[in-house]
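K.L.:
I would like to see how this sequence folds:
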Amino acid sequence: MIKMDTLAGANVAQEPFQFFAAQRVLDKADLEAIRADFPKIDKPGLFPLSALSYGPAFQKLIDEINSDELAEAVGSKFGVNLKGLPLMITVRGQAQAKDGRIHTDTKDKVVTCLLYLNDEWDNDGGRLRMLRSGDNLEDYAAEIPPNGGSFAAFRVGEKSYHGHKPFVGPRQYVMFNWVQSDAALTRQLGRHKLSASIKKLVSAVAGRA
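P.N.:
Modelled structure (predicted):
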């Protein structure tokens, strides 16, 4: 599914931090099948796979994300060995207004990747920006629209600022992070599982109201 040759051909920016982007890393037919099997998510936030149900095409994509081949492909772009590092996979289906605020990822993470699964994106909001500083969303080195099949990756560090303009509505992607240790994976997944549980509880209470 994932076109490894397309990833291999992407240029890695070195400033303001290491990152790269690639377009159309999924064939149209594969993208349509994955979208059809995408988990039903009607709440904002990132959800761990354990909190979701999905179909076989989406499962096939997850299997490829978990592969040593992808770890080697991404790791070689940044000069880091990702094989053997724990991998955390989360999924987003809906965006809320507060999403996209400027941040760097936690020190637990080594490399962050996002694979977008939307239709063609024509909204001004929701476009990932790789930023030169932590206080100006307009000072960006690159802007990546979340079109279906777009892939973005960056090496996590003190200067890996990123964000996007606000958008509310469906914004689908898989995010995966190679993390420093099993303890880091447990810590990060625990946070996402707690958040998912709270969202389910709030939804259930609202449904009975």
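K.L.:
Show me where this structure dips below the pLDDT cut-off.
P.N.:
191-209 (pLDDT under 70).
K.L.:
tell me, what residue is most central in it?
P.N.:
residue 175 (2.4 Å; CA atoms, centre = their mean).
K.L.:
Give me the residues contacting the host helix or strand of it.
P.N.:
Per DSSP states H and E, residue 175 falls inside strand 169-179. Defining contact as CB atoms under 8 Å, 6 or more residues apart in numbering, one finds that strand 169-179 is touched by 35, 38, 41, 46, 61-62, 65, 71, 74, 82, 85-95, 99, 105, 108-118, 126, 146, 156, 185, 188. Where you see a C-beta, it was placed from the backbone N, CA and C, and this is true even at glycine.
K.L.:
And those residues, which of them are buried?
P.N.:
Neighbour counting over the contacts of strand 169-179 (16 or more other CB atoms under 10 Å) leaves 35, 38, 41, 46, 61-62, 65, 71, 74, 82, 85-93, 95, 99, 105, 108-118, 126, 146, 156, 185, 188 as the buried ones.
K.L.:
Take those residues and keep only those in strands.
P.N.:
The strands, defined by DSSP state E, take in 46, 87-93, 95, 109-116 from the buried ones among the contacts of strand 169-179.
K.L.:
Tell me which stretches of this structure form helices.
P.N.:
Secondary structure of the chain (DSSP state H): helices located at 4-8, 28-36, 56-65, 68-78, 182-208.
K.L.:
Among these, which comes closest to residue 131?
P.N.:
Nearest to residue 131, of all these, is helix 68-78, at 18.4 Å by CB to CB.
K.L.:
Pull the distance from that closest one to the chain's centre.
P.N.:
16 Å (CA atoms, centre = their mean, to the nearest Å).
K.L.:
between it and strand 169-179, how many degrees?
P.N.:
Calculated by axes from the mean of the first three to the mean of the last three CA atoms, to 10 degrees, helix 68-78 forms an angle of 80 degrees with strand 169-179.
K.L.:
Counting neighbours, show which residues of helix 68-78 come out buried.
P.N.:
Those would be 70-71, 73-75, 77-78, for helix 68-78 by 16+ other CB under 10 Å.
K.L.:
Does residue 92 touch residue 41 like I think?
P.N.:
Yes - with contact defined as CB atoms under 8 Å, residue 92 and residue 41 form a contacting pair (7.3 Å).
K.L.:
Overlap in contacts, those two.
P.N.:
47, 172.
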